[in-house]
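Student: Quick one: sequence plus predicted model below, questions after.
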Amino acid sequence: MLDDLLYGVAYYPEYIPYERMDEDMSLMRRAGFNLIRVAESTWSTWEPRDGEFDLSLLRRTLDAADSHGLKVIVGTPTYAIPAWLYKKYPDILTETHSGVARYGGRQNFDITHPGYRFHAERIMRRVLELARQYECVIGYQIDNETKHYDTCSPRAQAMFREYLERKFGTVEELNRRMGLAYWSNSIADWSDLPDVRGTINGSLGAEYSAFQRGLVTDFLLWQRSIIDEYRFYDQFITHNFDYEWRGWSFGLQPDVDQFEAARAVTIAGCDIYHKGAGELTGAEISFGGAVARGLKNDNYLVLETQAQGNFGYLPYPGQLFLQAMAHYSYGAECVEYWHWHSIHNAVESYWKGVLSHDLTPGETYRECSEIGGTLARISDHLAGLKKNNSVAVMVSRRAQCGERWFPAAMMGETPPRNYSDYLRWVTDSLYRLNVEYDIVPDTLRDFSKYKLLVLPCLYSATEELTAALRDHVANGGHIVATFRTAFADEYLKIYHDAAPHGLTDVFGVTYDRFTKPQGVSLRSESIPLPEGSAAQDWMELLRPAGARTLIEYDHPVWGGIPAVTVNDFERGSAMYIASYIGDGALDALFESALPGFGIPLPDQRWPIVLSRAVNFYGRAVTFIFNYQNSPASLPSPESGLSLLEDANVRAGDELTLPPWGVAIIEGQ
Amino acid sequence: MLDDLLYGVAYYPEYIPYERMDEDMSLMRRAGFNLIRVAESTWSTWEPRDGEFDLSLLRRTLDAADSHGLKVIVGTPTYAIPAWLYKKYPDILTETHSGVARYGGRQNFDITHPGYRFHAERIMRRVLELARQYECVIGYQIDNETKHYDTCSPRAQAMFREYLERKFGTVEELNRRMGLAYWSNSIADWSDLPDVRGTINGSLGAEYSAFQRGLVTDFLLWQRSIIDEYRFYDQFITHNFDYEWRGWSFGLQPDVDQFEAARAVTIAGCDIYHKGAGELTGAEISFGGAVARGLKNDNYLVLETQAQGNFGYLPYPGQLFLQAMAHYSYGAECVEYWHWHSIHNAVESYWKGVLSHDLTPGETYRECSEIGGTLARISDHLAGLKKNNSVAVMVSRRAQCGERWFPAAMMGETPPRNYSDYLRWVTDSLYRLNVEYDIVPDTLRDFSKYKLLVLPCLYSATEELTAALRDHVANGGHIVATFRTAFADEYLKIYHDAAPHGLTDVFGVTYDRFTKPQGVSLRSESIPLPEGSAAQDWMELLRPAGARTLIEYDHPVWGGIPAVTVNDFERGSAMYIASYIGDGALDALFESALPGFGIPLPDQRWPIVLSRAVNFYGRAVTFIFNYQNSPASLPSPESGLSLLEDANVRAGDELTLPPWGVAIIEGQ
Amino acid sequence: MLDDLLYGVAYYPEYIPYERMDEDMSLMRRAGFNLIRVAESTWSTWEPRDGEFDLSLLRRTLDAADSHGLKVIVGTPTYAIPAWLYKKYPDILTETHSGVARYGGRQNFDITHPGYRFHAERIMRRVLELARQYECVIGYQIDNETKHYDTCSPRAQAMFREYLERKFGTVEELNRRMGLAYWSNSIADWSDLPDVRGTINGSLGAEYSAFQRGLVTDFLLWQRSIIDEYRFYDQFITHNFDYEWRGWSFGLQPDVDQFEAARAVTIAGCDIYHKGAGELTGAEISFGGAVARGLKNDNYLVLETQAQGNFGYLPYPGQLFLQAMAHYSYGAECVEYWHWHSIHNAVESYWKGVLSHDLTPGETYRECSEIGGTLARISDHLAGLKKNNSVAVMVSRRAQCGERWFPAAMMGETPPRNYSDYLRWVTDSLYRLNVEYDIVPDTLRDFSKYKLLVLPCLYSATEELTAALRDHVANGGHIVATFRTAFADEYLKIYHDAAPHGLTDVFGVTYDRFTKPQGVSLRSESIPLPEGSAAQDWMELLRPAGARTLIEYDHPVWGGIPAVTVNDFERGSAMYIASYIGDGALDALFESALPGFGIPLPDQRWPIVLSRAVNFYGRAVTFIFNYQNSPASLPSPESGLSLLEDANVRAGDELTLPPWGVAIIEGQ
């Protein structure tokens, strides 16, 4: 836990068309901001020529922050390389599945390139030497949303071959585990391993992706080791982990093993962008927060989120306030806008900051000031919030990769749903029902903290994991699994026994046939399904062996076959969802079934969202958000002090929230 | 004619995760399978290192087949090259219009590469030396669905230049026939011929495609010459010719001159995949069979067809049985499933075999056993079936290529219809009307066997062909031609006289204008067109000169101009369809007009499908298929022995067929 | 002004399959054609080998034209290079953002290549030496629709670096004006400037586009300087400028600074292709004519337009006549069809000429003869027509480029609207209202000739331009501007003060927020908007400061904010349209507002189109076009001589026009 709640902006004086640093910082302070993030974007400014350093602007910025009383996060300026570095090493640009990158963009270099490493370390040390002299510097950010940029350089591929040798020992074992014989791809010598970019073998392709994700972890650990030489004990190290991107932060970032990579930081950070205006739902704030909170099983920093946002998401009045409170409610100890001012040239010029291009305080600045004022009043009540969720959703990058190579929606809609769609399908249903959840990795083995474990599309699962799941249920836990669970092992080799592998008795079902549903409706005697509920993308033809059917298919040929079952196994129970049944049916299913798993449902449903935590004073804090463009009225779910109004309320009292309004009740 | 009807599976012990060969073969025999195909996919297994051979698994498989009484087709393992061969010859991968292939996939090499040829021959000889020692080996399959893989290597292009020199003699003649002057592309020296990949000249581009198709023929003849050194007189040579692919076997394979290439085999083979489940129509079984039967004007082998099929086409109960009987009814002497087991790694893992991934007999295996049991009982009645069709549909790869360069639907729908769409438009209409047809090449000159010749989109036609068509009609034959018939010569040079070239008097029409129909309906006094019938894609503005109008356009400007005409010419008649009029209007047109061409129509229409042949005993065999998910009842079209029920029926007796049911009546 | 109205065809004897030059020219003359254009397409015919010339066909063509009394435009044959030239200089093909071009197409070479320049000059001189000997040659066409073909060769990029050095002097200035610091792109040495193709910097990218456009101007001036050595004083030099292409001539050609480049010609030329048949509106004839007329502020030549047109646009009866008269009415002194005959091989084979492939006079030839006959009768009344429009629409390639890098529709429809869509949005509204307009460049500073200046999406505007606009209004002029006006400077740097930059008092509005409208309707008290009028693509949230609101947003959050305002400023007024409001609302707005700007509206609306000019005799000529497939009846807008009927009419007399009919009234 940090000493204070942080509220800040990314600040780029290097992009501002004229000198106004004092004015900027005065405006920040007046709005209640207490933090800036600097330095991570402009290596070419700090080192305009090879070996010629000019940190004067950074020094001036830190001096000014110091004198204005702003805290500072200093980023390492390594995600965008200067032109001279590219000229020096023409092979520094990443060579990917689709060719060699061109100079100009960011994050376009080979993170394994020794020349890159040498120069990145040198500029880092210069920046760190300067930054360590400032008390205002409270922490460091490693790089920026680091990924492997699909490096497929000869160097990276040679490293991959060594990785395979270490992992599999012999080519025979490699051939066997990957099934390389298919279409004559097996090899008899390690030196025969061809350029992996052409492979049609999903197992080998997925292994290369795993190797690439490992490069990211190595990279972040390397930067941390350098920062550690400079930082003081009370300075944190963080990194802005991100998400599968769809124009906003949608799903699980496939290119980083974030739970592994989080070893490189002392506190997790993340960048959460989302749709706004009439499309704001809050689902990404909750989901993104759960991912970030899970990385170190602790609170986190929102290192970037939108001010005016990308074009089209200009916030409605009240939304910025709501968004900030929502982040804090999920365990964020920092909300930092990207960015202070709007860019005048280049790219991202329409992803606007707190200030518009006219650099004058406007409506967005005004609402930021309102947040800042509120925090000044109540931030001690929001500090050190702890969540205690009894539901966990398991994510797996192996499974995600499996879904990419062998998608469930392989004959489906355009664009086809992928792993993140199925993940968000379950998390968003929980969100709508106000069931708060954690996100846990597939490497977790002890689930005792959770009553319910949800496994969306756990296509790939090791023997150890299936055994742990079995134990969880046997010991009284509950699981909800979807189609394709434990269909393949960690190398995406499909198990050659009854599916779901190792869990047929736990679920009380098996199957050996599946197909794409066409005109397959759903029916249920026990669950009130919405009109038009249908199986989509994928359907397994379950053969129950003990399980009770909750929902079944309705179809001339496949009618009567179960679509959703539940099974009592030893002291727990296990639900199996054999098809993608859509949002409405899943909501109805969860609403009906979750109480039976010991998960009580509050009365409110989205667009009223509840977020609960315990604060530093040990008091329960309940946030109530109104995610709609009209006012809402509801009985207060708790008794206590309404922090925003500084007034007492009692459970059941009528609470009235304006459009996009917030209430925060601190229990006694 | 083969001795027995064949019923088999492609068998890949090299992909199976554990040893179970005896169990597999016992299961096959118990289901009634009498055939496996082996060896064609895994060169890297047979030759793991350059010159190091290991045929032990193949030997063991042949030994086991021998002892289990299974016949074997041995394939040459040349369609997927080992990694070591690629390492040895980095230029072995095919260089195409879109760049150089990457190692990993199959069918990605340059079929003209001398290194490829050397090593392919060497491994072939090893496999053949072994295979010839086994009596169970009844035949050989050359390679697998061979194409030219768009080879555009410098070697291939040098061969093309020589081909042009041989064919045209002088550059002046080349310039003239191709019209190379356009946009300064004419050449004065053979050495000026540039990389053909950039050409915008449809004639030159089409000639390169023709050259590439010739490479396939050469390749297959080369493999045959090697196999001939090893095979015994009673062993056949075949090849699995395929179709234009749209996720299933849809149209005419554009990349192989199959009628030419069939010289390389002693019996034609084919791979037929089709939509299944609720989308099964049988049209591909009929169409694909007609193409294969035409290749050598004889019966053929279905070397691959689907068991559980690609994801989404899991068969409904009864469909596998119906499909097998349909294949046999069109002259197939073999139905072989791809494949026995389902793949656990790599690619094609969801294109499932007779066994699912659990390798346990399931529902699909059960239905295969039913087919096997039936064949054991009645296969002698289904052997040596001969079709006697009086309708032929002419196909032309020159015309197909013309349609690609100059599509009728150039301003049409997305995706635009191509040659195969127009081909299937006429064949599927005949199919729905239960008019059986042969497929004949545009090199055929004697049509006396047929009452009616249908010419879909015969865009390119030589003078010789138009003369033969004229003779056919003059001698009492009938033809139905569509828009664009004989518009261009064999080099896609548009004829510079009245269209259709050389046939204006035969059709009794001409035209010099055409356009894309927009809002052009159809009307007819004599033919009951379905509501909403409209001209699409292309419409010619015919000027009748003797022909009678059957259908005309309905449009404020073009109204009254004929869309379909028929003309009596000497002893025959010729119909001209000047626009793509859609399925319903074509059905109505054919239904109305075919009897006048001496083609009687049975009472039944699809989804009831009739297939007629004469068996080895000289008896007429009538297959009746019910392609729908509900039962059907109809008067028996024939008297005779109902083979499946072993009961006599009389013409007119009520026949009842279950959903996807089959009846087979053998006349006395 | 030329001596006679020209009416001609592009003639390519080099593509015709047999000798028929005399027949062709006799047919042309009989139809009333008086012009052919020759020679520009077939360098390989004129120079089959390096240095070996054969102009015999050109000589024969010129001889024949001479004897048939046809005028000739001779084109320089430099837009399509021979194969031998490519063989000689393999690097002659253009290297673009997307790779290196392949030989085969036209306009695929690097226009800066010295080898190209050398050989192009040599063949030009040979052609010119021949052409200058013929009196029938009335002028020369430089090349063909010249563009820069996106040359990004190392040579071109080195030239760009020199261009930047000359323009900006220091790298610091470059960094500052372009904002290169973003993502570390700033440079400290000119030699660090990387390949511009990878840039993410819109300012730098736009500057490269400007540099490329300059190459085109240089190229045309270079050819002119050569032609000038050969031509006689009475021979013109022209070039066929074209338009943004969408399958037809749609918008502003982004790749040529046409107003600059027009310095290379003595009379402007253009190629106008448009939709036809049921989709003919005439809008491209008007728009394309206005662009061409603006290039030299004088009349122009239509060097190419469609005869039978591209596939699908076969003209309805009467349309060819209407189209020709429309071209002449806008100031064209030449209407030349592309092309005489239809191509038999190669490409563009379905873009048909006056003759179809059968080379026989057909319906199109017949209608051309009707035009020719009419011209023979009345062309002196149509010669030297002068337009006197009081509305100008300003176009800007800097703004166009800005729209490409930072599109208003960045989150919009598919495909998103671009600059040309917004341009055509305003010009087509004017067209529908029969308000004739000129097109003027953003370099114009004196607008006194115009009552109203319309500025569609003038995203980029210099300080000088905004000052000139201010003066225009101050002096009693009117302007209509749209969203994003003057948002950025000439380097696409967004101005950092109040928007619209320098014009807030002129418009009486400002704004610092904008977003994508979703569900935002429009409402107005003064203007009758069509049902369903909505804001689309982009909306600014205006804060009025003196302006009156004409239309406002209707939306739960943004409702009441102005969408369209008008402001009186000194002696003039300025309208601001803050969102893309669609066609219907713009029509209603213009209909309501234009009279207030001193622009009277005629009673007729499209599909009746009026075009007015003054002829050589000083008489007002009014063209009336009926752009619909049904007859029209209207009171004559003028009194005078109806030229086509040679009869007098009086204003108010009933005029009846057939479908696609034309009337031309010459005042007394």
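Tutor: Everything's here; your move.
Student: Look at A:R177 and tell me its secondary structure.
Tutor: Look at A:R177: counting by DSSP: H, G, I helix; E, B strand; the rest coil, its state is helix.
Student: Quick one, grab the pLDDT at it.
Tutor: Listed pLDDT for A:R177 reads 97.
Student: again, but for A:D587
Tutor: 98.
Student: so how many other residues sit close to it?
Tutor: 19 (other CB atoms under 10 Å in any protein chain shown). Any C-beta I mention is one placed from the backbone N, CA and C, and that applies to glycine too.
Student: can you tell me the helix or strand for it?
Tutor: Using DSSP states H and E, A:D587 falls within helix A:582-593.
Student: same question, A:F118
Tutor: helix A:114-131.
Student: elements contacting that helix?
Tutor: helix A:43-46, helix A:56-68, strand A:71-75, helix A:83-88, strand A:137-141, helix A:202-228 (3 or more CB pairs under 8 Å, 6 or more residues apart in numbering or on different chains; DSSP states H and E).
Student: Swap in 7 Å and give it another go.
Tutor: helix A:43-46, helix A:56-68, helix A:202-228 (3 or more CB pairs under 7 Å, 6 or more residues apart in numbering or on different chains; DSSP states H and E).
Student: what residues are up against A:S396?
Tutor: Going by CB atoms under 7 Å, 6 or more residues apart in numbering or on different chains, A:S396 touches A:D442, A:L458, A:S460.
Student: An error on my part: the question was meant for A:R197.
Tutor: Applying CB under 7 Å, 6+ apart, the residues contacting A:R197 are A:H97, A:C152, B:R102.
Student: Check A:W351 too.
Tutor: Here A:W351 is in contact with A:N310 (CB under 7 Å, 6+ apart).
Student: Who is it paired with across the strands?
Tutor: When bridges are called by DSSP bridges, A:W351 pairs up with A:N310.
Student: quick one: the spatially most distant residue from the centre of chain A and A:L529, what's the gap?
Tutor: Farthest-out residue of chain A from its mean C-alpha position, per CA atoms, centre = their mean: A:P556, at 41.6 Å. To A:L529, A:P556 is 19 Å away according to CB to CB, to the nearest Å.
Student: Count residues in the vicinity of A:R20, would you?
Tutor: Neighbours of A:R20 (other CB under 10 Å): 15.
Student: OK, contacts around it?
Tutor: Applying CB under 7 Å, 6+ apart, no residues contact A:R20.
Student: A:A578 touches A:E540, doesn't it?
Tutor: Yes. Look at A:A578 against A:E540 with CB atoms under 7 Å: they come within range, at 4.1 Å.
Student: Pop the domain breakdown of chain A in here.
Tutor: Per automatic domain parsing, the domain ranges recorded for chain A read A:6-149+A:214-381, A:154-206, A:391-597, A:608-667.
Student: avg pLDDT for the first one?
Tutor: Across domain A:6-149+A:214-381, pLDDT averages out at 97.
Student: Flag every residue of the stretch 301-450 of chain A that's near chain B.
Tutor: With CB under 7 Å from any CB of the partner chain as the criterion, the stretch 301-450 of chain A meets chain B at residues A:F406, A:M410, A:M411.
Student: Next one, pLDDT for the residue in the stretch 451-600 of chain A that chain C sits nearest to please.
Tutor: Per CB to the nearest CB, A:D583 is where the stretch 451-600 of chain A lies closest to chain C, at 21.2 Å. pLDDT recorded at A:D583 is 98.
Student: dump the residue contacts of it.
Tutor: A:W425, A:S429.
Student: hmm, 10 Å instead?
Tutor: Contact analysis of A:D583 by CB atoms under 10 Å, 6 or more residues apart in numbering or on different chains lists A:W425, A:D428, A:S429, A:R432, A:P530, A:S533.
Student: next one: A:Q223
Tutor: Per CB under 10 Å, 6+ apart, neighbours of A:Q223: A:76, A:78, A:117, A:120-121, A:124, A:140-143, A:146, A:237, A:239, A:264.
Student: quick one: it from C:H496, how far?
Tutor: 35 Å.
Student: Please apply the same query to A:A593.
Tutor: For A:A593 relative to C:H496 (CB to CB), the value is 57 Å.
Student: before we move on, what about A:G582?
Tutor: Taking CB to CB, one finds A:G582 at 49 Å from C:H496.
Student: can you check A:T427 too?
Tutor: A:T427 is 42 Å from C:H496, by CB to CB.
Student: Just the buried residues of stretch A:79-97, please?
Tutor: A:79-87, A:89, A:92-96 (16 or more other CB atoms under 10 Å in any protein chain shown).
Student: And the furthest pair within those residues?
Tutor: Spatially, the most separated pair among the buried residues of stretch A:79-97 is A:W84 and A:T96, at 23.2 Å (CB to CB).
Student: returning to that earlier point: kindly indicate which of the residues of the stretch 301-450 of chain A next to chain B lies nearest chain C.
Tutor: Closest to chain C, out of all of those and judged by CB to the nearest CB, is A:M411, at 23.6 Å.
Student: Looking at the stretch 551-668 of chain A, which residue is nearest chain B?
Tutor: For the stretch 551-668 of chain A, CB to the nearest CB, closest residue to chain B: A:V557, 4.9 Å.
Student: how many other residues sit next to that residue?
Tutor: Neighbour count of A:V557, defined by other CB under 10 Å: 19.
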